[in-house]
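# Test case, fold it:
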Amino acid sequence: MRRKTNRRDFLKYTAAGSIGFWVAGRATAADELASKSPNERINVACIGIGGKGAGDSSQVGKHANLIGICDIDDKRLDSKSHEFPNAKRFNDFRVMLDKLGKDIDAVTISTPDFTHAVATMMAIKMGKAVYTQKPLAHDVYEARQLRLAAREYKVASQMGNQGTSTTGIREGVEAIRAGAIGDVTEVHIWTDRPTNYWPQSPDVRARPPEAAVPDYIHWDLWLGTAPARPYAEKVSFKVPKGTRIAEPYHPHNWRGWWDFGCGALGDMGCHTANLPFMALKLGYPSSIVAESEELNPETYPAWAHVTYEFPAREEMPPVKVNWYEGSRDGKLVWPPQDLIDKVVTESNKVLKARGDKRVKDGKTVPLDKGGSIMVGTKGIMYSPSDYGKEWFLLPADAYQDFKAPEPTLPRPALSKGGNDEDHKIEWLAAVKGGPKPMSNFDYSGMLAETILLGNVAIRAGGTKLEWDGPNMKFPNAPQAEKFLKRQYREPWSL
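Below you'll find the model as predicted:
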């Protein structure tokens, strides 16, 4: 314990003279973290190094000592070992944290959603800084406990919604808070997932046939907290553009299954809802209700519409937030068409005035397959980006002379690696004693908890749930509280 404390104090001491780089918000952050002295660099262990974890570990490894890598897939370990030959490799994160704990300063967690909480909590209780991919947890209860634990153990934390580390989203937050569009009482957020990204209901209603587990996959460790089920290899799925042959669980398509992922809302909500959630200072909703296709016991629905109601906050009025996902009868579920038409027409005026190449023949469609619209008493903010990094104040003519308010939020590092790497730089700077990252668990834990409440509402089958946030209760529908917390498979615990 003494060695760990001394190392942490040393890291903070060596950073004291230069930690202002992040406050200043320029690329010297990366230069500082990439110190030539190994003793001055942070020691990081990475849990989950495939998929998003491949990029997370590589980016962190540019600015820190990557001393441990963990994955249930030996092929992934082989690949990452070529990149970081000095990192010790493990299949079980519990073993890695136990064996390397005295040398680890920080941990990244980039596993499937249902393993996030147990891995993150173990690291937090060991006093390690944590970077956990969105949506932070699988269950509302887990998100709450991680938020409280990070605060109790005073660790530097960051959720992997990297759009937070774009200049655009921070400028958008400042504009809304400065009253650019007046009082906001209506928000619309949407995504086309899972329609075009992974197979899901209504074509996946039963478990695929059992198959032998490949020798490079440690299936029981992959299952972790989830109920036991057989491994399954590639199967045929129906998708909008035909048929896809894919693995139903590992390495990617776990997102659509109740036991493993958090569906479209969990996948994209912490990105696309981030701008309005932060700008409007949202916290506990007062109620949540959802409509969706008929539910099945295995997978998330092909489409859903979730409505959150939030009470007044500080100087801001009550607001209704709508989330739309997937497709119904071959059409995307999204905001009212007249609103979409309005924001597309007006934002295209802005793009044409800029000479933007995305506009062709005076007509286009929303610029991304997800976005957000905030409707205020003076105007509209439309973001056609999942990450909130681009936005328009509309109608175009009314805001052509808009001047941005004075900055109130720090700016990201603006490294050569882009906003995803900047998000890690911000976190690593905090590990060395710098300011709290923007998506620290005090903020992102509340965001994740709210997002996951939408999935509870979907499972509640149309019942409007009144939410007592501080006490984690549904006063009018206690029967839905069973969806707030899973029962882990033994011997797993939080």
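# hmm, which helix or strand of the chain has the shakiest average pLDDT?
Across the helices and strands of the chain, mean pLDDT, DSSP states H and E gives its lowest value to helix 20-24, namely a mean of 41.
# Run through the bridge partners of residue 65.
Assessed by DSSP bridges, residue 65 has beta-bridge partners residue 43.
# Ok, the one 4 residues further on next?
With DSSP bridges applied, residue 69 shows beta-bridge pairing to residue 46, residue 89.
# nearest residue to residue 332 other than its sequence neighbours?
Distances taken as C-beta to C-beta, 6 or more residues apart in numbering place residue 192 nearest to residue 332, at 5.5 Å, with adjacent residues excluded. Just so you know, the C-beta spots here come from the backbone N, C-alpha and C atoms, and that holds for glycine as well.
# residues in contact with the one you found?
326, 327, 332, 369, 370 (C-beta atoms under 8 Å, 6 or more residues apart in numbering).
# Secondary structure and pLDDT added to these, as a markdown table?
Formatted as a markdown table, these follow (DSSP: H, G, I helix; E, B strand; the rest coil; pLDDT from 0 to 100):
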| residue | secondary structure | pLDDT |
| --- | --- | --- |
| 326 | strand | 90 |
| 327 | strand | 87 |
| 332 | strand | 87 |
| 369 | coil | 82 |
| 370 | strand | 90 |
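# so which of the residues you listed is the most crowded?
residue 326 (27 neighbours; other C-beta atoms under 10 Å).
# any idea how far that residue is from residue 479?
26 Å (C-beta to C-beta, to the nearest Å).
# Could you do residue 197 as well?
On the measure of C-beta to C-beta, residue 197 and residue 479 end up 32 Å apart.
# before we move on, what about residue 190?
Using C-beta to C-beta, residue 190 is found at 29 Å from residue 479.
# Mind checking which of these two has more residues around it?
Neighbour count, other C-beta under 10 Å: between residue 190 and residue 479, residue 190 has more, with 25 against 9.
# and stretch 268-276, which residues are buried?
For stretch 268-276, burial by neighbour count (16 or more other C-beta atoms under 10 Å) applies to 268, 269, 270, 271, 272, 273, 274, 275, 276.
# ok, back up a step: out of the contacts of residue 192, flag the one nearest to residue 104.
When the contacts of residue 192 are ranked by distance to residue 104 (C-beta to C-beta), residue 370 comes first, at 35.6 Å.
# Give the residue spans of this protein that score low on pLDDT.
The chain contains residues with pLDDT under 70 at 1-38, 239-241, 360-368.
# per-domain residue ranges of it.
For the chain, the structural domains run 2-164+412-439, 166-197+262-409+448-459, going by automatic domain parsing.
# Distance to residue 218 for these - can I get that in TSV?
Shown next, in TSV, are these (distance: least, C-beta to C-beta, whole Å):
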stretch	distance to residue 218
domain 2-164+412-439	4
domain 166-197+262-409+448-459	23
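# Return the most buried member of these.
Counting by mean count of other C-beta atoms under 10 Å, domain 2-164+412-439 has the highest mean neighbour count of these, with a mean of 21.
# okay, how far is it across stretch 86-98, tip to tip?
Start-to-end span of stretch 86-98 (C-alpha to C-alpha, to the nearest Å) is 18 Å.
# thinking again about what came up before, and the contacts of residue 192, which two are furthest apart?
Farthest apart among the contacts of residue 192 by C-beta to C-beta are 327 and 370. That separation is 12.9 Å.
# before we move on, back to that, among the domains of the chain, which comes closest to residue 225?
When the domains of the chain are compared by C-beta to C-beta, domain 2-164+412-439 sits nearest residue 225, at 5.8 Å.
# Now find how far off-centre that closest one is within its chain.
Offset of domain 2-164+412-439 from its chain centre (C-alpha atoms, centre = their mean, to the nearest Å): 15 Å.
# Please apply the same query to stretch 243-262.
Mean C-alpha position of stretch 243-262 versus that of the full chain (C-alpha atoms, centre = their mean) differs by 18 Å.
# Going by neighbour count, which residues in it are buried?
Buried residues in stretch 243-262, counting neighbours by 16+ other C-beta under 10 Å, are found at 246-251, 253-262.
# Need the residues that contact that stretch.
With C-beta under 8 Å, 6+ apart as the criterion, stretch 243-262 contacts 50-51, 72-73, 112-114, 135, 138, 194, 198-201, 204, 207-208, 217, 222, 226-227, 229, 231-238, 263, 266-267, 297-300, 451-452, 455.
# check contacts around the residue positioned nearest the centre of the chain.
For the chain, the residue nearest the mean C-alpha position is residue 134 (2.7 Å; C-alpha atoms, centre = their mean). Contacts for residue 134 (C-beta under 8 Å, 6+ apart) come out as 159, 160, 161, 266, 267, 270, 271, 444, 448.
# now do residue 394
Per C-beta under 8 Å, 6+ apart, neighbours of residue 394: 342, 343, 346, 347, 350, 379, 380, 381, 382.
# Now render those as CSV, adding distance to residue 65 and secondary structure.
Shown next, in CSV, are the contacts of residue 394 (distance: C-beta to C-beta, whole Å; DSSP: H, G, I helix; E, B strand; the rest coil):
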residue, distance to residue 65, secondary structure
342, 52, helix
343, 47, helix
346, 50, helix
347, 45, helix
350, 46, helix
379, 49, coil
380, 47, strand
381, 42, strand
382, 43, strand
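# Of those residues, which is the nearest to residue 155?
Once C-beta to C-beta is applied, the member of the contacts of residue 394 that ends up nearest residue 155 is residue 381, at 33.9 Å.
# what's the helix or strand for the residue lying closest to that closest one once chain neighbours are set aside?
In this structure, residue 381 finds its nearest non-sequential neighbour in residue 374, 4.5 Å apart by C-beta to C-beta, 6+ apart. Under the criterion of DSSP states H and E, residue 374 resides in strand 370-376.
# Who does that strand pair with, and is each partner parallel or antiparallel?
Here strand 370-376 has these sheet partners by DSSP bridges: strand 184-191 (antiparallel), strand 380-383 (antiparallel).
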